[in-house]
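Asks: here is my input, please return the structure:
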Amino acid sequence: MHHDVIELRKFYYNRALGRVVQKVLRDRLTLLWPPEKTAGMTLAGYGFAAPMQRPYLGRARRVISLMPSPQGVMAWPPGLPNCAALCEETAWPLDTGSVDRLILLHALETADHTQAVLAEAWRVLGPGGRMLVMATNRAGLWARSDATPFGFGRSYTAGQLEALARTAGFAVENTGAALYIPPSDRRFWLRSAQMWERVGSKVSQVLVAGVVLGEFSKQVPAPIGKVRRVTVPSPLDILEGIARPKPAGSGKTAREKSEPSHLL
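Replies: Reported below is the predicted structural model:
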């Protein structure tokens with residue numbers, strides 16, 4: 001079952017709980033990838049990562065939000081030139097190696113071909129590029145409630161997320177968790193969300209988060225094998241076959257060479 005872009009937009013932009021979730025996850029993202037350090041970078045998102053990407057508008061060289069076709073697409077950001085595009089999960093309209101930072105939110109849980117999504121993520125990332133995956137925690141309360149987008153599709157443990165990324169060729173850089181409040185619209189939980197995030201990061205063994213986070217990098221190993229030496233000829237060697245010019249009067253003329261020797 002796939003998400004619907006209209007419902008996702010309502011949750012993150014119109015519902016109080018969604019706005020709190022947006023702030024919690026965005027704070028974790030900007031702490032990991034400070035927007036001021038993305039100048040000259042291309043930052044892309046897949047799934048419904050648009051709420052996470054706004055801090056990078058005007059700072060990163062290019063910001064792109066890709067949304068899978070079964071989900072649908074919306075124009076984003078509102079009031080500015082569109083940065084969103086509809087795509088197939090197995091064919092993203094991005095050049096190979098053109099992305100420096102990639103965010104996956106609401107992407108793997110409902111993907112028809114999870115490995116194909118990660119294969120495309122690997123393709124579009126440049127060497128040393130980084131990907132941040134935000135996925136529903138299988139052990140959390142959010143996975144058990146269908147009142148939010150985190151209750152749809154598959155959920156993951158941190159170990160499962162790491163195993164998927166390694167299978168796709170990524171190296172694990174960091175793992176973590178976020179969203180320690182329950183999926184409730186009560187004011188108490190909404191107002192105390194930031195406090196629970198601080199407490200949860202210190203006692204994560206006691207409090208179970210709703211979202212698991214994984215930062216992965218694309219590391220391309222140097223080629224190993226026999227070294228093939230390439231010899232480039234010197235320009236002087238190339239010009240050796242050209243006769244050097246002789247000074248005037250230093251030899252017989254063509255007419256003198258053609259006349260018989262007894263006439264000279």
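
Asks: in the chain, which spans are strands?
Replies: For the chain, the strands defined by DSSP state E cover 42-47, 62-68, 84-87, 99-105, 125-136, 171-178, 211-217.

Asks: now mean pLDDT, distance to Ala143 and mean neighbour count too, for those strands, in JSON lines please.
Replies: Where you see a C-beta, it was placed from the backbone N, CA and C, and this is true even at glycine. Formatted as JSON lines, the strands of the chain follow (pLDDT from 0 to 100; distance: least, Cβ to Cβ, whole Å; neighbours: other Cβ atoms under 10 Å):
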{"stretch": "strand 42-47", "mean pLDDT": "98", "distance to Ala143": "16", "mean neighbour count": "26"}
{"stretch": "strand 62-68", "mean pLDDT": "97", "distance to Ala143": "20", "mean neighbour count": "23"}
{"stretch": "strand 84-87", "mean pLDDT": "97", "distance to Ala143": "26", "mean neighbour count": "16"}
{"stretch": "strand 99-105", "mean pLDDT": "98", "distance to Ala143": "15", "mean neighbour count": "24"}
{"stretch": "strand 125-136", "mean pLDDT": "97", "distance to Ala143": "5", "mean neighbour count": "21"}
{"stretch": "strand 171-178", "mean pLDDT": "94", "distance to Ala143": "13", "mean neighbour count": "16"}
{"stretch": "strand 211-217", "mean pLDDT": "96", "distance to Ala143": "10", "mean neighbour count": "23"}
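
Asks: now render those strands as JSON lines, adding distance to Glu36.
Replies: Below are the strands of the chain laid out as JSON lines (distance: least, Cβ to Cβ, whole Å):
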{"stretch": "strand 42-47", "distance to Glu36": "13"}
{"stretch": "strand 62-68", "distance to Glu36": "14"}
{"stretch": "strand 84-87", "distance to Glu36": "24"}
{"stretch": "strand 99-105", "distance to Glu36": "13"}
{"stretch": "strand 125-136", "distance to Glu36": "16"}
{"stretch": "strand 171-178", "distance to Glu36": "20"}
{"stretch": "strand 211-217", "distance to Glu36": "19"}
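
Asks: so which of those strands is nearest Phe150?
Replies: The minimum distance between Phe150 and the strands of the chain falls on strand 125-136, with 4.5 Å, by Cβ to Cβ.

Asks: and the closest one, what does it pack onto?
Replies: helix 16-32, strand 99-105, helix 158-167, strand 211-217 (3 or more Cβ pairs under 8 Å, 6 or more residues apart in numbering; DSSP states H and E).

Asks: now tabulate these in TSV and tack on distance to His113.
Replies: Below are those laid out as TSV (distance: least, Cβ to Cβ, whole Å):
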stretch	distance to His113
helix 16-32	25
strand 99-105	14
helix 158-167	12
strand 211-217	18
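
Asks: of those, which is nearest Ser145?
Replies: helix 16-32 (10.8 Å).
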